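[1] With the input below, show me the fold.
(4 chains)
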2 protein chains.
Amino acid sequence: MAKYKKSERQEILLERINDDPFLTDEKLAEIFGVSIQTIRLDRLELAIPELRARIKNVATEEVDKIKSLSLQEVTGEIIDIELNSQALSLFIIEEGHVFERNQIARGHFLFAQANSLCVAVINEPLALTKSADIEFKRQAKLHDKVISKAVVNNMDNNNASITVESKVEGRLIFKGQFEMYYSNEGDNNG
Amino acid sequence: MAKYKKSERQEILLERINDDPFLTDEKLAEIFGVSIQTIRLDRLELAIPELRARIKNVATEEVDKIKSLSLQEVTGEIIDIELNSQALSLFIIEEGHVFERNQIARGHFLFAQANSLCVAVINEPLALTKSADIEFKRQAKLHDKVISKAVVNNMDNNNASITVESKVEGRLIFKGQFEMYYSNEGDNNG
DNA sequence: CCTCATTTAGTAGTTGGTACTAAAATCAGT
DNA sequence: ACTGATTTTAGTACCAACTACTAAATGAGG
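    Below you'll find the predicted structure:
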């Protein structure tokens, strides 16, 4: 039972409650080997609401989270963008993205990162993937930080050609050639 | 303040709690113009859990939803499989999978379905996508039921060649040629 | 009027807290 | 080693929203 100092404990407390909001003060006190009062003080200082309020929050924060998780977390985070020219994104491989057996990232998450980046780099209301030619060069593993770079080769006549390369620590793991269709009419029917 | 008889009240109570689980016994008592005890008796007879339990249920359901959407629902559901030969899967396009603006499915979800199917159809401990050649023929829209069919063309020397076609109501929307690497050593390092 | 069902009242106990006071333990600096 | 501040515990009173129980009041029908 390693004893933390106050600041450490509070940091960890935040994380703990963040990924399991269903923990009572009593259980937290056990976890940290301190009294309930200490936990209460910590929550007070960190402005963490009580169990019931936390549960209620989870219950009321409806579909928003689902959307953001299913969309954003798959996509990666865009870290640099020059519209119609090039873009960079970061995608960190997490538990949900790998095969349990060997911790290797499922290919379609790497594709998703690249594809999303292609959609993002095109500065038009509508951008759809028409076709792609992709190669998985090396395996990405759990916790890898995948940096994806998209470069627009040419854009004309509502068609864009984009090359994407994804790397982990400088080593190429994925390469793709994307052909995109774009249009300035966003809500077109096709 | 119309007075109901017991059976009526209980019926309405069920509905009420169903579409707003956040009602306390006190508020329900006001709504029906009866005492709290009556409401409690009703809940007892109808086996409706108390407020906090209801909220907790909602919260845990949401958490489950998020998990399943972010992990499994991307893949689709396998509806038929003949190992090392062919497989079918169903993927229903939901809110999280489409562009908000025009309700068109993001390409990488269709790819994910196809890719997952390729991994599934190969009956080996390790199956990884090496490369793919894909085409998005038509747009898939919100609530579309996408049926994906993977056919293994040949398998030898740890390489498999698979053709995937995805259709919505019989119309081809996606086509892909996948080259997979497989091995019987599941937890190999690459 | 009697009787059975229904409703209401009231008490004790529970969980998971807040808000507060005060004592004890720990640590940090001189 | 001593002092003063910080941190941790302990303890009390109180709250919401209950459960579980007992008991009384009210209805409604034969």
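[2] low-confidence ranges in chain A?
    Within chain A, the stretches with pLDDT under 70 are A:1-2, A:62-74, A:186-190.
[3] Now do the helices in it.
    Taking DSSP state H as the criterion, chain A contains helices spanning A:6-19, A:25-32, A:36-46, A:51-60, A:63-75, A:107-121.
[4] Deepest-packed of those, please.
    Of all those, helix A:107-121 has the most neighbours on average by mean count of other Cβ atoms under 10 Å in any protein chain shown, namely a mean of 26. Every C-beta, even on glycine, is put in place using the N, C-alpha and C of the backbone.
[5] Relative to the whole chain's centre, how far out is that helix?
    Centre-to-centre, helix A:107-121 and its host chain are 12 Å apart (Cα atoms, centre = their mean, to the nearest Å).
[6] what's the angle between that helix and helix B:107-121?
    170 degrees (axes from the mean of the first three to the mean of the last three Cα atoms, to 10 degrees).
[7] Is helix A:107-121 positioned near chain B?
    Yes: shown here: helix A:107-121 in contact with chain B (Cβ under 8 Å from any Cβ of the partner chain) through A:Gly107, A:His108, A:Phe109, A:Phe111, A:Ala112, A:Asn115, A:Ser116, A:Val119.
[8] ok, so of the residues you listed, who is nearest DNA strand D?
    Nearest to DNA strand D out of the residues of helix A:107-121 next to chain B is A:Phe109 (Cβ to the nearest atom of the strand; 41.0 Å).
[9] give the contact list for the closest one.
    Residues in contact with A:Phe109 (Cβ atoms under 8 Å, 6 or more residues apart in numbering or on different chains) are A:Val74, A:Phe91, A:Ile93, A:His97, B:Ala112.
[10] and it, how far is that from B:Lys141?
    A:Phe109 sits 23 Å away from B:Lys141, going by Cβ to Cβ, to the nearest Å.
[11] swap in A:Ala127?
    16 Å.
[12] Identify the bridge partners of the nearest residue to A:Ser131 once chain neighbours are set aside.
    Nearest residue to A:Ser131, sequence neighbours excluded (Cβ to Cβ, 6 or more residues apart in numbering or on different chains): B:Glu135, at 4.3 Å. Beta bridges link B:Glu135 to A:Ser131, B:Lys175 when assigned by DSSP bridges.
[13] State whether B:Glu135 and A:Asp133 are indeed in contact, as I suppose.
    No: using Cβ atoms under 8 Å, B:Glu135 is not in contact with A:Asp133; the gap is 9.9 Å.
[14] A:Leu117 and A:Leu90 touch, don't they?
    No: A:Leu117 lies out of contact with A:Leu90 (Cβ under 8 Å); the separation is 10.4 Å.
[15] Give the residues shared as contacts by these two.
    By the contact definition Cβ under 8 Å, 6+ apart, A:Leu117 and A:Leu90 are jointly contacted by A:Gly76, A:Ser148.
[16] before we move on, the earlier item: compare A:Ala127 and B:Lys141 (neighbour count), which wins?
    A:Ala127 (19 against 16; other Cβ atoms under 10 Å in any protein chain shown).
[17] my guess is the more buried one meets A:Met180, correct?
    Yes: applying Cβ under 8 Å as the test, A:Ala127 and A:Met180 come out as touching, 5.7 Å apart.
[18] any common contacting residues for those two?
    Residues touching both A:Ala127 and A:Met180 (Cβ under 8 Å, 6+ apart) are A:Cys118, A:Val119, A:Ala160.
[19] can you tell if stretch A:3-17 touches chain B?
    No: Stretch A:3-17 does not reach chain B (Cβ under 8 Å from any Cβ); its nearest approach is 13.8 Å.
[20] and that stretch, is it in reach of DNA strand D?
    Yes: applying Cβ under 7 Å from any atom of the strand, one finds that stretch A:3-17 is in contact with DNA strand D at A:Lys5, A:Lys6, A:Arg9.
[21] Could you show which parts of chain A are in contact with DNA strand C?
    Residues of chain A found near DNA strand C (Cβ under 7 Å from any atom of the strand) are A:Thr24, A:Asp25, A:Glu26, A:Gln37, A:Arg40, A:Arg43, A:Leu44, A:Pro49, A:Glu50, A:Leu51, A:Arg52.
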